[in-house]
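**Student:** Attaching a predicted model along with its sequence, questions to come.
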Amino acid sequence: MKIIPRGNNQLLSKYSYLQRTHYNQEVDKFIRSKSGLVLIDTYDKSLYGKINLENKVVVPYLNKMTSYNGIVNTFDFIEMALNDLSTKLSRRLDRGTIKKSGPYKTLDITARTRTWQDEYNDYLKTYRMAYEKTNLDTGAQRSKIENLHQFVENFLDFSNIANPASPLTFSKFYTSRLCTSFSTGMMVDLNNEQYGSDYVSFTKYFFDLNFDIFFQEAQNHGFLLDKHAPWRLVANLSSKPMQKYMAKAGYVNMKDMFDKLFFNPVEPEFYEIVKIISYMYSDLFPKHSTVANICHQNGKTTYSLKPRKGFNAKQFGTMGELVEHMGYPFWIRVYAYLKAREVNIHLTQKEFDDIVREAQSYEKHVDIKTALVYINDRFDPLVNSDFNEKPTFRF
């Protein structure tokens, strides 16, 4: 009697590993038994749709995405493919060439309207709450911060502890498992299923009477099913059917599609870091707030409160003006420090300082984008470090 895999995301690591191994073996056998069946593993390919053909991080322009039936965010060419697949299944249902029961009889797509922007904003709120609770929980902690520069140093001390598990820059957040793959617009789920149940994958989906017809129709319309979630449809960008839909929507090829619908977040994320930190300081330490003044004289220590120097991030008309308040060299160092900590690279203080000076030179003699690209090349968010300790270089 065949033992159906029963792995799920709630199992202990050792038992989960054994169940996953069993699941992979059974799925491989299943694939060999189905002529033409191809599955994709989105857990293994977690960057699918998040990087382009040059292996660079790319993010969808939200204003260039479209809504499929008002329930998921995707792109025009994928919407065409979904519409055609839905129509084909409906015709099969009418003609009796597909069973009228089971999860594959229609495209019952799970509603997902949250964007990458929604996910990042919610994450930043949680990050800020953690920082405040850790570093600003008492009046004594808050009173030590006199100005924006001291606040930045205090905030970076917290980020140092949080990294690399909890990154701050958008690129590292977006390419981590903290941000769902659905934010790419490249995949949809069916039937409100929860990812990770091996038993459901087999008993409800792989063994469904309509499976053979459904996977073939999905592939005929440019989609692949997920190996660990056969209710998930993933746009197969390299398939001929999906490339035909791209051409129909006006894209010459896959590169043209990425160029028109996606952007590289390097420059926007830099300004976002400046905005996040500056606005946080402005909110937490408003005008007329006070700072402790400690005086040591004649063997006595006295304490008094003095007004903290006012800073209102909203008073600046442009992001460029906000950056110039502390200066591009200062914020470049902040950005480089965060990026370096996020990838947990072992550097000496001199090595880190040299990278910062080089980036500052690029900003001064070329432009800010060149400086940021240089920093990202040195601290690539796609590279996983095998360094098991905290780096020792300081801000």
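**Tutor:** Yep, that arrived. Numbers count the residues shown, from 1 in each chain.
**Student:** Name the nearest residue to Lys230, ignoring sequence neighbours.
**Tutor:** If you look again at residue 230, you'll see it is Pro, not Lys. Nearest residue to Pro230 in three dimensions, chain neighbours excluded: Tyr205, at 4.1 Å (C-beta to C-beta, 6 or more residues apart in numbering). In short, each C-beta sits where N, CA and C put it, glycine included.
**Student:** Just the pLDDT for that neighbour.
**Tutor:** Listed pLDDT for Tyr205 reads 96.
**Student:** Double-check it against Arg232; I have them as touching.
**Tutor:** No: using C-beta atoms under 8 Å, Tyr205 is not in contact with Arg232, being 10.0 Å away.
**Student:** who touches both of the two?
**Tutor:** Contact criterion C-beta atoms under 8 Å, 6 or more residues apart in numbering; residues shared by Tyr205 and Arg232: none found.
**Student:** three-state assignment of Lys125?
**Tutor:** Counting by DSSP: H, G, I helix; E, B strand; the rest coil, the backbone at Lys125 sits in helix.
**Student:** What of Val383?
**Tutor:** Going by three-state DSSP: Val383 is coil.
**Student:** Now for it: which residues touch it?
**Tutor:** Going by C-beta under 8 Å, 6+ apart, Val383 touches Val343.
**Student:** do you know how far it is from Val343?
**Tutor:** Here Val383 is placed at a distance of 6 Å from Val343 (C-beta to C-beta, to the nearest Å).
**Student:** now do Pro329
**Tutor:** The spacing between Pro329 and Val343, counted by C-beta to C-beta, is 22 Å.
**Student:** More neighbours: these two, which one.
**Tutor:** Legend: neighbour count by other C-beta atoms under 10 Å for Pro329 and Val343, higher for Val343 (20 against 15).
**Student:** Could you check how far the nearest residue to that one once chain neighbours are set aside is from Leu136?
**Tutor:** Distance criterion C-beta to C-beta, 6+ apart; nearest residue to Val343, sequence neighbours excluded, is Phe379 at 5.0 Å. Here the distance between Phe379 and Leu136 works out to 28 Å (C-beta to C-beta).
**Student:** Which one's more surrounded, those two?
**Tutor:** Between Phe379 and Leu136, Phe379 has the larger neighbour count (other C-beta under 10 Å), namely 25 against 18.
**Student:** Look up how far Val27 lies from that one.
**Tutor:** Distance of Phe379 to Val27, given as C-beta to C-beta: 37 Å.
**Student:** Let me see the ranges of the strands in the stretch 1-150 of the chain.
**Tutor:** Along the stretch 1-150 of the chain, the segments classed as strands by DSSP state E, counting those that start in this stretch run 39-40, 59-60, 66-68, 72-74.
**Student:** I misspoke; the intended subject was the stretch 251-395 of the chain.
**Tutor:** Secondary structure of the stretch 251-395 of the chain (DSSP E, counting those that start in this stretch): strands located at 262-263, 290-297, 300-307.
**Student:** Name the stretch among those that sits most buried.
**Tutor:** When the strands of the stretch 251-395 of the chain are scored by mean count of other C-beta atoms under 10 Å, the highest mean neighbour count falls to strand 262-263 (a mean of 19).
**Student:** Ramachandran angles for the residue nearest the centre of the chain?
**Tutor:** With distances taken as C-alpha atoms, centre = their mean, Tyr174 lies nearest the centre of the chain, 1.7 Å away. Backbone geometry at Tyr174, expressed as degrees, to the nearest 10, gives phi -60, psi -40.
**Student:** ok, back up a step: burial of the residue nearest to Pro230, as a residue count?
**Tutor:** 23.
**Student:** do Gly196 as well
**Tutor:** Gly196: 17 neighbours (other C-beta under 10 Å).
**Student:** for Pro265, same thing?
**Tutor:** Residues contacting Pro265 under the criterion other C-beta under 10 Å number 22.
**Student:** quick one: it and Val57 touch, right?
**Tutor:** Yes: Pro265 is within contact range of Val57, at 6.3 Å (criterion: C-beta under 8 Å).
**Student:** joint contacts of these two?
**Tutor:** 171, 174.
**Student:** in this protein, which ranges drop under the pLDDT threshold?
**Tutor:** Along the chain, the parts satisfying pLDDT under 70 run over 1-18, 294-296, 301-302.
**Student:** domains for it, by residue range?
**Tutor:** 13-111+184-261, 327-395 (automatic domain parsing).
**Student:** Which among these is found nearest to Ala165?
**Tutor:** domain 327-395 (9.6 Å; C-beta to C-beta).
**Student:** Quick one: residues contacting Ile75.
**Tutor:** Actually, residue 75 is Phe rather than Ile. By C-beta under 8 Å, 6+ apart, the residues touching Phe75 are 60, 64-66, 185, 249, 257, 261.
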